[in-house]
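Student: I'd like to go over a predicted model; first the sequence, then the structure.
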Amino acid sequence: EADIYQTPRYLVIGTGKKITLECSQTMGHDKMYWYQQDPGMELHLIHYSYGVNSTEKGDLSSESTVSRIRTEHFPLTLESARPSHTSQYLCASSDTGTTGTQYFGPGTRLLVL
Amino acid sequence: GESVGLHLPTLSVQEGDNSIINCAYSNSASDYFIWYKQESGKGPQFIIDIRSNMDKRQGQRVTVLLNKTVKHLSLQIAATQPGDSAVYFCAENEGRGSTLGRLYFGRGTQLTVWP
(Lines give C-alpha, C1' and ligand atoms only; values in the text may rest on other atoms or scores of the structure.)
Protein backbone atom coordinates (compact mmCIF):
# COMPACT_ATOMS: atom_id res chain seq x y z
CA GLU A 1 0.00 0.00 0.00
CA ALA A 2 1.48 3.32 -1.08
CA ASP A 3 1.72 6.09 1.50
CA ILE A 4 0.74 9.08 -0.55
CA TYR A 5 -1.90 11.51 0.53
CA GLN A 6 -3.91 14.24 -1.10
CA THR A 7 -6.07 16.92 0.42
CA PRO A 8 -8.72 18.00 0.00
CA ARG A 9 -10.44 15.01 -1.58
CA TYR A 10 -13.24 17.20 -2.92
CA LEU A 11 -13.33 20.94 -3.49
CA VAL A 12 -16.07 23.19 -4.83
CA ILE A 13 -14.96 26.75 -5.34
CA GLY A 14 -15.98 29.89 -7.17
CA THR A 15 -14.30 31.39 -10.20
CA GLY A 16 -11.32 33.59 -9.45
CA LYS A 17 -10.38 31.97 -6.16
CA LYS A 18 -6.84 30.85 -5.40
CA ILE A 19 -6.52 27.21 -4.43
CA THR A 20 -3.73 24.90 -3.37
CA LEU A 21 -3.99 21.13 -3.68
CA GLU A 22 -1.79 19.29 -1.23
CA CYS A 23 0.19 16.13 -1.88
CA SER A 24 2.46 14.37 0.57
CA GLN A 25 4.30 11.06 0.51
CA THR A 26 6.12 9.27 3.28
CA MET A 27 8.12 6.87 1.12
CA GLY A 28 11.11 9.16 0.62
CA HIS A 29 10.59 9.13 -3.13
CA ASP A 30 12.60 11.66 -5.11
CA LYS A 31 10.23 11.92 -8.04
CA MET A 32 6.71 13.31 -7.82
CA TYR A 33 4.07 14.00 -10.45
CA TRP A 34 0.76 15.77 -10.95
CA TYR A 35 -1.76 14.45 -13.46
CA GLN A 36 -5.06 15.84 -14.62
CA GLN A 37 -7.79 13.35 -15.44
CA ASP A 38 -11.34 13.84 -16.66
CA PRO A 39 -13.77 11.05 -15.64
CA GLY A 40 -12.99 7.79 -17.41
CA MET A 41 -10.32 9.38 -19.54
CA GLU A 42 -6.55 9.06 -19.74
CA LEU A 43 -4.09 10.71 -17.37
CA HIS A 44 -2.35 13.86 -18.57
CA LEU A 45 0.93 14.83 -16.94
CA ILE A 46 0.91 18.51 -15.98
CA HIS A 47 3.93 18.79 -13.64
CA TYR A 48 6.76 16.69 -12.30
CA SER A 49 9.72 16.99 -10.02
CA TYR A 50 12.97 15.05 -9.79
CA GLY A 51 13.76 16.28 -6.32
CA VAL A 52 13.85 19.27 -4.03
CA ASN A 53 13.89 22.58 -5.93
CA SER A 54 13.35 20.78 -9.23
CA THR A 55 10.09 21.20 -11.14
CA GLU A 56 9.18 20.73 -14.78
CA LYS A 57 6.06 21.22 -16.86
CA GLY A 58 4.43 18.13 -18.26
CA ASP A 59 2.80 17.32 -21.55
CA LEU A 60 -0.49 19.09 -20.94
CA SER A 61 -0.34 22.83 -20.67
CA SER A 62 -1.66 23.95 -17.33
CA GLU A 63 -2.15 27.30 -15.65
CA SER A 64 -1.22 25.74 -12.34
CA THR A 65 2.15 26.01 -10.64
CA VAL A 66 3.99 23.66 -8.29
CA SER A 67 6.78 23.84 -5.76
CA ARG A 68 9.08 21.28 -4.17
CA ILE A 69 10.67 22.69 -1.07
CA ARG A 70 10.63 19.41 0.83
CA THR A 71 11.05 15.88 -0.53
CA GLU A 72 7.75 14.70 0.87
CA HIS A 73 5.60 17.62 -0.21
CA PHE A 74 4.53 18.68 -3.74
CA PRO A 75 1.67 21.20 -3.66
CA LEU A 76 -0.14 22.44 -6.76
CA THR A 77 -1.54 25.96 -6.90
CA LEU A 78 -4.09 27.64 -9.12
CA GLU A 79 -3.89 31.42 -8.71
CA SER A 80 -7.31 32.08 -10.22
CA ALA A 81 -9.62 29.12 -10.66
CA ARG A 82 -11.85 28.89 -13.71
CA PRO A 83 -14.59 26.42 -14.71
CA SER A 84 -12.19 24.94 -17.28
CA HIS A 85 -10.04 23.77 -14.34
CA THR A 86 -12.81 21.44 -13.21
CA SER A 87 -11.26 17.99 -13.22
CA GLN A 88 -9.65 15.34 -11.06
CA TYR A 89 -6.04 15.95 -10.03
CA LEU A 90 -3.88 12.97 -9.18
CA CYS A 91 -0.54 13.09 -7.44
CA ALA A 92 2.02 10.29 -7.75
CA SER A 93 5.54 9.50 -6.66
CA SER A 94 8.26 7.08 -7.68
CA ASP A 95 11.65 6.07 -6.36
CA THR A 96 15.02 6.56 -8.01
CA GLY A 97 14.97 3.18 -9.77
CA THR A 98 14.84 3.18 -13.54
CA THR A 99 11.64 1.19 -13.84
CA GLY A 100 9.45 4.14 -13.04
CA THR A 101 6.63 2.52 -11.10
CA GLN A 102 4.49 5.34 -9.83
CA TYR A 103 2.26 5.19 -6.79
CA PHE A 104 -0.82 7.34 -6.78
CA GLY A 105 -2.74 9.24 -4.18
CA PRO A 106 -6.55 9.12 -4.01
CA GLY A 107 -6.97 12.29 -6.06
CA THR A 108 -8.68 15.64 -5.59
CA ARG A 109 -11.93 16.26 -7.42
CA LEU A 110 -12.16 19.96 -8.20
CA LEU A 111 -15.33 21.74 -9.30
CA VAL A 112 -15.07 25.40 -10.20
CA LEU A 113 -18.38 27.20 -10.46
CA GLY B 1 5.85 11.42 -28.35
CA GLU B 2 4.94 7.99 -27.13
CA SER B 3 1.45 6.70 -27.72
CA VAL B 4 -0.12 4.08 -25.57
CA GLY B 5 -3.63 3.02 -26.33
CA LEU B 6 -6.16 0.35 -25.67
CA HIS B 7 -8.13 -1.47 -28.31
CA LEU B 8 -11.51 -1.45 -26.56
CA PRO B 9 -12.90 1.27 -24.36
CA THR B 10 -15.31 -1.08 -22.58
CA LEU B 11 -15.43 -4.76 -21.72
CA SER B 12 -18.30 -6.60 -20.08
CA VAL B 13 -17.86 -10.10 -18.69
CA GLN B 14 -19.82 -12.43 -16.51
CA GLU B 15 -18.59 -13.24 -13.05
CA GLY B 16 -16.31 -16.25 -13.15
CA ASP B 17 -15.25 -15.76 -16.76
CA ASN B 18 -11.74 -14.77 -17.76
CA SER B 19 -11.09 -11.22 -18.96
CA ILE B 20 -8.52 -10.05 -21.46
CA ILE B 21 -7.68 -6.37 -21.77
CA ASN B 22 -5.42 -5.30 -24.60
CA CYS B 23 -3.02 -2.45 -25.09
CA ALA B 24 -0.89 -1.29 -28.00
CA TYR B 25 2.21 0.83 -27.56
CA SER B 26 4.34 2.67 -30.07
CA ASN B 27 7.73 3.25 -28.44
CA SER B 28 9.96 0.30 -29.25
CA ALA B 29 12.53 1.65 -26.80
CA SER B 30 10.21 1.25 -23.79
CA ASP B 31 11.61 -1.37 -21.47
CA TYR B 32 9.06 -1.44 -18.70
CA PHE B 33 5.28 -1.74 -18.70
CA ILE B 34 2.71 -1.50 -15.96
CA TRP B 35 -0.96 -2.23 -15.58
CA TYR B 36 -2.99 -0.05 -13.24
CA LYS B 37 -6.52 -0.50 -11.94
CA GLN B 38 -8.60 2.55 -11.13
CA GLU B 39 -11.83 2.19 -9.23
CA SER B 40 -14.40 4.94 -9.29
CA GLY B 41 -13.35 7.90 -7.19
CA LYS B 42 -9.88 6.54 -6.46
CA GLY B 43 -6.38 6.91 -7.79
CA PRO B 44 -4.80 4.26 -10.05
CA GLN B 45 -3.54 1.22 -8.20
CA PHE B 46 -0.54 -0.82 -9.34
CA ILE B 47 -1.52 -4.34 -10.45
CA ILE B 48 1.43 -5.93 -12.21
CA ASP B 49 4.46 -4.97 -14.24
CA ILE B 50 6.71 -6.57 -16.82
CA ARG B 51 10.12 -5.78 -18.22
CA SER B 52 10.88 -5.92 -21.91
CA ASN B 53 13.18 -8.93 -21.47
CA MET B 54 10.16 -11.01 -20.47
CA ASP B 55 7.11 -12.07 -22.44
CA LYS B 56 4.93 -13.25 -19.59
CA ARG B 57 4.52 -12.58 -15.92
CA GLN B 58 1.95 -13.95 -13.52
CA GLY B 59 0.49 -12.57 -10.36
CA GLN B 60 -2.45 -13.53 -8.26
CA ARG B 61 -5.27 -14.16 -10.79
CA VAL B 62 -3.57 -11.82 -13.27
CA THR B 63 -1.17 -12.46 -16.10
CA VAL B 64 0.52 -9.90 -18.29
CA LEU B 65 1.72 -10.85 -21.77
CA LEU B 66 4.13 -8.78 -23.79
CA ASN B 67 4.62 -9.18 -27.53
CA LYS B 68 7.42 -6.87 -28.55
CA THR B 69 7.22 -7.87 -32.20
CA VAL B 70 3.84 -6.24 -32.60
CA LYS B 71 4.17 -3.90 -29.62
CA HIS B 72 1.21 -5.38 -27.81
CA LEU B 73 0.50 -5.83 -24.14
CA SER B 74 -2.39 -7.68 -22.56
CA LEU B 75 -3.76 -8.23 -19.09
CA GLN B 76 -5.57 -11.43 -18.34
CA ILE B 77 -7.76 -11.70 -15.27
CA ALA B 78 -8.79 -15.20 -14.28
CA ALA B 79 -12.18 -15.92 -12.71
CA THR B 80 -13.25 -12.30 -12.89
CA GLN B 81 -15.07 -11.02 -9.82
CA PRO B 82 -17.39 -8.04 -9.28
CA GLY B 83 -14.58 -6.35 -7.37
CA ASP B 84 -12.54 -6.35 -10.58
CA SER B 85 -14.92 -3.83 -12.12
CA ALA B 86 -12.80 -0.74 -12.77
CA VAL B 87 -10.93 1.13 -15.47
CA TYR B 88 -7.65 -0.52 -16.43
CA PHE B 89 -4.73 1.46 -17.80
CA CYS B 90 -1.52 0.27 -19.33
CA ALA B 91 1.54 2.45 -19.05
CA GLU B 92 5.03 2.38 -20.54
CA ASN B 93 8.20 4.09 -19.47
CA GLU B 94 10.38 6.28 -21.62
CA GLY B 95 12.89 3.71 -22.57
CA ARG B 96 16.05 1.90 -21.77
CA GLY B 97 18.43 3.76 -19.53
CA SER B 98 16.09 6.57 -18.75
CA THR B 99 16.20 7.74 -15.19
CA LEU B 100 13.54 10.34 -15.63
CA GLY B 101 10.80 8.03 -14.37
CA ARG B 102 8.12 9.28 -16.67
CA LEU B 103 5.26 7.00 -17.66
CA TYR B 104 2.90 7.28 -20.61
CA PHE B 105 -0.64 6.10 -20.07
CA GLY B 106 -3.21 4.72 -22.45
CA ARG B 107 -6.87 5.68 -22.55
CA GLY B 108 -8.14 2.94 -20.28
CA THR B 109 -10.65 0.13 -20.62
CA GLN B 110 -13.74 0.06 -18.45
CA LEU B 111 -14.27 -3.50 -17.22
CA THR B 112 -17.76 -4.31 -15.99
CA VAL B 113 -18.41 -7.63 -14.31
CA TRP B 114 -21.99 -8.92 -14.31
CA PRO B 115 -23.21 -11.36 -11.65
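Tutor: Cool, got the structure.
Student: list the contacts for residue 14?
Tutor: No chain was given, so I picked chain A. A:81, A:112-113 (Cβ atoms under 8 Å, 6 or more residues apart in numbering or on different chains). The way it works is simple: take the backbone N, C-alpha and C, and place the C-beta from them, glycine included.
Student: could you do chain B instead?
Tutor: Residues near B:Gln14 by Cβ under 8 Å, 6+ apart: B:80, B:113-115.
Student: Among those, which are located in strands?
Tutor: Secondary structure from DSSP state E places B:113-114 of the contacts of B:Gln14 in strands.
Student: Farthest from the middle of chain B: give me that residue.
Tutor: Relative to the centre of chain B, and counting by Cα atoms, centre = their mean, the farthest-placed residue is B:Pro115 at 23.4 Å.
Student: Name the nearest residue to A:His73, sequence neighbours excluded.
Tutor: A:Ser24 (5.3 Å; Cβ to Cβ, 6 or more residues apart in numbering or on different chains).
Student: And the residue of chain A closest to chain B?
Tutor: In chain A, the residue that lies nearest chain B is A:Phe104 (3.5 Å; Cβ to the nearest Cβ).
Student: pretty sure that residue is touching B:Ile34, no?
Tutor: No - with contact defined as Cβ atoms under 8 Å, A:Phe104 does not count as touching B:Ile34 (11.4 Å).
Student: Let me see the contact set for the residue most central in space within chain A.
Tutor: In chain A, the centroid-proximal residue (Cα atoms, centre = their mean) is A:Trp34; its distance is 3.1 Å. By Cβ under 8 Å, 6+ apart, the contact list for A:Trp34 reads A:23, A:45-48, A:58, A:64, A:66, A:74, A:76, A:89-92.
Student: Excluding sequence neighbours, find me the nearest residue to the residue of chain B found nearest chain A.
Tutor: Chain A sits closest to B:Gly43 of chain B, with a gap of 3.5 Å, by Cβ to the nearest Cβ. Nearest residue to B:Gly43, sequence neighbours excluded (Cβ to Cβ, 6+ apart): A:Phe104, at 3.5 Å.
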